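Peer 1: Next input, structure requested:
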Amino acid sequence: MYDAEYQFAFGVSPCKALGHTLRTRSWHCLHCNPASYAFQERHYKKGYVYIAFSNRLNLIKVGTCSNIKSRNKSLQSQNYGGSDDWQISLYTFFEEDAGKIEGLVQSELKPYFVSKSYLRDGFKRVSYEIFDYGVEAAWQVLKKYKKQAWNTSMLKNG
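Peer 2: Numbers count the residues shown, from 1 in each chain. This is a model prediction of the structure:
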């Protein structure tokens with residue numbers, strides 16, 4: 001499915017829960033877990049790939065968004081990972097498949113993953129995008145997957 005760039009397949013082996021035969025390219029049952037398709041689509045959505053840093057936690061976050069300024073504010077207001085001092089670094093660029101690049105970088109940084117809990121909308125959440133890794137070193141990893149020219153003009157112009 002990946003090679004042919006198919007988004008989903010039908011008539012394949014049935015899911016264990018209820019025997020549905022409609023699957024995403026990640027092999028999730030679309031009937032049992034419709035959110036899996038939305039997650040898959042996010043993987044290929046264009047946007048900014050960024051590195052954020054928390055002085056309080058001395059940790060980084062690798063993520064994607066469509067608007068840097070609003071994402072920086074939301075990281076702080078959500079107290080993401082238990083910190084409200086997140087700052088998105090200048091190590092940011094725009095990509096056509098930002099979610100895919102985010103995933104590749106996070107996979108490479110997996111040995112440095114740090115699980116942090118925080119409250120969002122009254123519910124306890126766990127972050128999966130925080131790492132005990134330096135900003136400069138993370139930028140070197142990120143650059144390996146970068147396709148377009150690095151552009152920080154949106155940070156200066158808002």
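Peer 1: Does the residue nearest to the spatial centre of the chain belong to a helix, a strand or coil?
Peer 2: Note on the chain: the residue nearest the mean C-alpha position is residue 63, at 4.3 Å, using CA atoms, centre = their mean. Following DSSP: H, G, I helix; E, B strand; the rest coil, the label given to residue 63 is strand.
Peer 1: Please apply the same query to residue 17.
Peer 2: coil.
Peer 1: tell me the pLDDT at it?
Peer 2: Residue 17 is assigned 87 on the pLDDT scale.
Peer 1: wait, isn't it in contact with residue 32?
Peer 2: Yes. With contact defined as CB atoms under 8 Å, residue 17 reaches residue 32; the gap is 5.1 Å. For the C-beta atoms, the positions are set from N, CA and C on the backbone; glycine is no exception.
Peer 1: out of these two, which sits in the busier spot?
Peer 2: Comparing residue 17 with residue 32 by other CB atoms under 10 Å, the one with more neighbours is residue 32, at 13 against 10.
Peer 1: Quick one: the strands in this structure, in order.
Peer 2: For the chain, the strands defined by DSSP state E occupy 8-10, 22-24, 47-54, 59-65, 86-95, 116-120, 123-127, 130-131.
Peer 1: surely residue 142 meets residue 91?
Peer 2: Yes. Between residue 142 and residue 91 there is a contact under CB under 8 Å: 6.5 Å.
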